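K.L.:
Pasting a predicted model and its sequence here:
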Amino acid sequence: MSRRHAGAHTLPENPEWIEFPRSDGNYALLPKNTEQVVDGDGHVNYMRPVGLEESQAILWRVAVGSQLAVRMGLPAGRNYVLKTWPEGYQLYDHNKGPLKAPRHDPYLCGSVSVNRFRSTNEFIPHALWLMQDATMNRGNCSCKYCTKQPQRIISDTMGLSTHPARRSSSVAGAVPSSRRPSRPRRELREPRAVGRVPPKPYAAVRRAPKPPKVILGPEQYILPERDLDTRAALISGEGQRPRWFRKGELLWCHLEPPIRGLTPDEDIQFWPALVEDFHVKTQPVFESPDGMQAYGEIDVGHLYKEAADDNPALGDVSNGTPAGSSRATDPPLEAEGSVPWKVQQWYVYKMKLLGTAQYCLVTDQQVLPYLAYAPSDLLLDRVRDELAQFMNTVPIDAMDRDIELISMFDPMEPEPQGEDIHAYYAKYQRAAAPYTLAIQIAANVAQYWLPTDEWECKFIIPPDSPSISSAHPPSASQAPPPPSSASRPSTPSQPATLHSLITQSLSQNAISPALNGTTSSHPESISTQARLPRASAPAPQTVIQMRFQGLWWGTERIWTDELVRLKIARCQFAPKGTDVIFPPAGPSMSTLENMKDNPEALNADPQRLGASEKGLFLRLEGLFVVDVMNAEGTGMTRECRASGMVYELADDDWEDATNASPPAETNGSGKGKEKATEVPDSSDMATQSDRGAPTFMSQPSPLKPPPLPNPDPTVPLADTANAMLTQTSPEAAARGNEKTPSLEDQLSRPVLTSPYPLPPATKGFRFRPILPPGHEAIVSLSLISGRYYPGLFHHPLMAPTVAHALSLTSEEVGLYDHRHLWAMEGLLPGIYQSMDPRQWRKSRTVMLQEAASEARDRFSERWEETKMARLHPPESQPEGGDVSMDGPEASMEVD
């Protein structure tokens, strides 16, 4: 029978006990503050031991036992429960806050290797190690504290639930359980199978939606900040620099001079900082005849003298000023020659240094994108040691009174003069605590994302063609995830095409104005109209969809119309090409010529030398939300997706074979030349017979041109004219299609502006679209790596690192070890250096507040642990030396 105890968790019927054959626990390491003590503010802060029969302990024992049984291969169908904790372990309920409603946090303590386990997911890998490893070698343990990895990675690898038994009761101020209305008790979910494959991110290709034919004018405005940021990033020219960074972005601020450590590898050279504001700095530069440049005030008196030599009426200007005050005495506005100075402009950023209360002004050459730099392991290890030393030596009373004392540190303060290690290393020791806090705040910000600046987009869903649907069913690699039963075609003889499935998905996530009328007593939904067969050709539908102009993606601010890096490689995106995706570009002749002296390249597949193994780029033309089936298949959930043209990196001098085909010879004496098309349009392809052969020629005969298209009264005149021009004058048709409207034209733009061009590609390459015109790819946001920074390798702070990586030999694996650098320019897939946010927040302000609050809470939590260890030192040390500090250190790890 089931035994019920206090609380909501009970032991299952006929439990199968699991006992630990060994333990790394030590009773001497258990917390000493187990008595309830109320301070002057009516608050408590103590660790209450939890008995094995209490609800929280049963929850932990059942959760850990069931996972151990699965991973140890025990017989299924039984209720496995931990009989007791490992020897020396004890579960505690941390009571903190007001006496009447304290916060409750469960902690499993006692391990000599780990300070405490905060959830069942943290303890399960460690418990499995205790059950299976008789050598007790910590190198075989896969928990977060023994492997120094973030818990989310371990949970994803082991397939653990993302909602483990973490909090037992409530936070301060919650209603006691006795006052809450009773709720039906949930049954425990069955543990997930080992090695469960997470759902794959979504990616598809479709025809780009077209705006309505008649648009009276933009009714919605483009965000001015978006337009300014996008244009500023594309600036190029003499004396001008592009502005890469935007307000609210998190960057690495270069410290000059750096905060010196014991060795150069341990120096703190960069500090995470937030862009508060920016402005343009302008300065004239005087160029003397000998080629020297001088900055500052420029003497322009000689210009007046030169003007007076040609015009005696100006009078004496020997003193550098004109004799009179009339406008005739001014130097000519248009004089022969050129002025002896140049104007230089650059951007100055006001930066908020994280973890401190300090601000600084830096130029664009003193900051780097967040993904362009990462602290070395040597630096992090040294800072971790100095942080532990700081917490063990700082006066307890001073830290308790004001833990924000660490924010008073100024990383930009002058370094003490001299080479005495005690003179400059004191600053490094004071920097350990705020630097650790700043690193954690930055890591927290990188976990957040948010689409911003929504607007209503109108577009037309073209009707499906029955002939195309029946003649060209999608392949398994092209088809998106199966739709729900409500959206499947009702006619089995007409399999759904990729285009029809995407059309239905768009229909289900949009509102059709035509359906809001009252002409019919039983109006059909858009999805119903799209899938029901009709006797006549259905009319196109105008759809309204909520879209977004921008995106906060971790530490970066991304706008639509920008080029972003994707995580996947070109060879992972239709490596052989399809009817709507071009094959990858191969190597150019110059590349093959340069590789003749490389034995590894000679033995490799030539296609690998082209765009196949490089990264992909997406021109972000749309951000929208769709409804998809959740992972459990029990309901619908919302997912944000991006759409746009996809580009690959092709060699700058690579020539497409389809554009250089030999002339076609006819049976007669004449010769005809035809320009090959890259990908045939599915709407123009002929239907095929049962044997797969076309019923007529796929292309018109060169001896008999096709007739002009018959005008259709239902087709606009402009479309009919373009169709005629395509056959009679391709050049005129191309000129007529240059101003094809896009969905973004529904947003008002500044007067006399042109669409944004593509940024320059990496030197020696060019961006090549891999989809035909009029098509776009739709991908999940999880496939976006981050922004693309053209010319990043030439940044003064990046050039030395890139040069060092290129100077290493193949034996030193310099190219391999610096994969994160090459991914920033698209030379490798973006997965090697990508932003991976997972948590949605409602605003950028909330992101920054929560990131700072969580980091400070973890810092305060570690300080409380260190303080309790100092106030109540253990009576005896365990065998093997000092107590490991993995637990407290892990509480401030950088995810």
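P.N.:
Noted; the coordinates are in hand.
K.L.:
Tell me the first helix or strand C-terminal of the helix or strand hosting Pro125.
P.N.:
Element membership for Pro125 (DSSP states H and E) is helix 120-132. Downstream of helix 120-132, the first helix or strand assigned by DSSP H and E is helix 144-147.
K.L.:
Report the rounded mean pLDDT for that following helix.
P.N.:
When pLDDT is averaged over helix 144-147, the result is 90.
K.L.:
Name the nearest residue to Ala761, ignoring sequence neighbours.
P.N.:
Among residues not flanking Ala761 along the chain, Phe767 sits closest, at 5.1 Å (C-beta to C-beta, 6 or more residues apart in numbering). Yep, even glycine has a C-beta here, placed from its N, CA and C like the rest.
K.L.:
Shouldn't that neighbour be within a helix?
P.N.:
No: counting by DSSP: H, G, I helix; E, B strand; the rest coil, Phe767 is not part of a helix but strand.
K.L.:
Bridge partners for it, pull those for me.
P.N.:
Beta-bridge pairing for Phe767 (DSSP bridges): Leu649.
K.L.:
and it, what does it touch?
P.N.:
Listed by C-beta atoms under 8 Å, 6 or more residues apart in numbering, the contact partners of Phe767 are 563, 617, 647-650, 758, 761.
K.L.:
go on, His94?
P.N.:
Counted by C-beta under 8 Å, 6+ apart, His94 has contacts 46-48, 103-107.
K.L.:
what secondary structure does Val846 sit in?
P.N.:
Three-state assignment for Val846 (three-state DSSP): helix.
K.L.:
That one: neighbour count?
P.N.:
12 (other C-beta atoms under 10 Å).
K.L.:
ditto for Phe459
P.N.:
23.
K.L.:
do Leu29 as well
P.N.:
Counted with other C-beta under 10 Å, Leu29 comes out at 22.
K.L.:
wait, it sits on Gly110?
P.N.:
Yes: Leu29 is in contact with Gly110 according to C-beta atoms under 8 Å; the separation is 5.9 Å.
K.L.:
which residues touch the nearest residue to Glu850 once chain neighbours are set aside?
P.N.:
Nearest residue to Glu850, sequence neighbours excluded (C-beta to C-beta, 6+ apart): Arg841, at 6.8 Å. For Arg841, the contact set (C-beta under 8 Å, 6+ apart) comprises 448-450, 847, 850.
K.L.:
Among these, which are located in strands?
P.N.:
448-450 (DSSP state E).
K.L.:
Need the overlap of contacts for Leu29 and Gly110.
P.N.:
Common neighbours of Leu29 and Gly110 (criterion: C-beta under 8 Å, 6+ apart): Gly88.
K.L.:
SS state for the nearest residue to Asn79 once chain neighbours are set aside?
P.N.:
Spatially, and ignoring its direct neighbours in sequence, Asn79 is nearest to Pro12 (3.8 Å; C-beta to C-beta, 6+ apart). Of the three states, Pro12 takes coil under three-state DSSP.
K.L.:
Return the distance of Pro12 relative to Arg61.
P.N.:
As judged by C-beta to C-beta, to the nearest Å, Pro12 and Arg61 stand 10 Å apart.
K.L.:
So for the two, which residue has more residues nearby?
P.N.:
Neighbour count, other C-beta under 10 Å: between Pro12 and Arg61, Arg61 has more, with 25 against 17.
K.L.:
Please identify the helix or strand for the more buried one.
P.N.:
Here Arg61 sits within helix 55-72, counting by DSSP H and E.
K.L.:
Identify each buried residue in the longest strand along the chain, please.
P.N.:
Looking across the chain with DSSP E, the single longest strand is strand 268-287. Residues of strand 268-287 classed as buried by neighbour count (16 or more other C-beta atoms under 10 Å): 268-275, 278, 286.
K.L.:
That one pairs with which strands?
P.N.:
Here strand 268-287 has these sheet partners by DSSP bridges: strand 250-259 (antiparallel), strand 293-295 (antiparallel), strand 341-353 (antiparallel).
K.L.:
what's the straight distance from one end of stretch 759-767 to the other?
P.N.:
In stretch 759-767, first residue to last residue: 9 Å (C-alpha to C-alpha, to the nearest Å).
K.L.:
wait, I meant stretch 100-112
P.N.:
End-to-end span of stretch 100-112 (C-alpha to C-alpha): 34 Å.
K.L.:
which one among the ones in strands among the contacts of Arg841 gets closest to Gly635?
P.N.:
Closest approach to Gly635 among the ones in strands among the contacts of Arg841 (C-beta to C-beta): Trp449, at 22.7 Å.
K.L.:
check contacts around the nearest residue to the closest one once chain neighbours are set aside.
P.N.:
Using C-beta to C-beta, 6+ apart and skipping residues adjacent in sequence, the residue nearest Trp449 is Pro837, 3.9 Å away. Contacts here follow C-beta under 8 Å, 6+ apart; on that basis Pro837 touches 446-449, 553-554.
K.L.:
One more pass at 6 Å, please.
P.N.:
When contacts are counted by C-beta atoms under 6 Å, 6 or more residues apart in numbering, Pro837 touches 447-449, 554.
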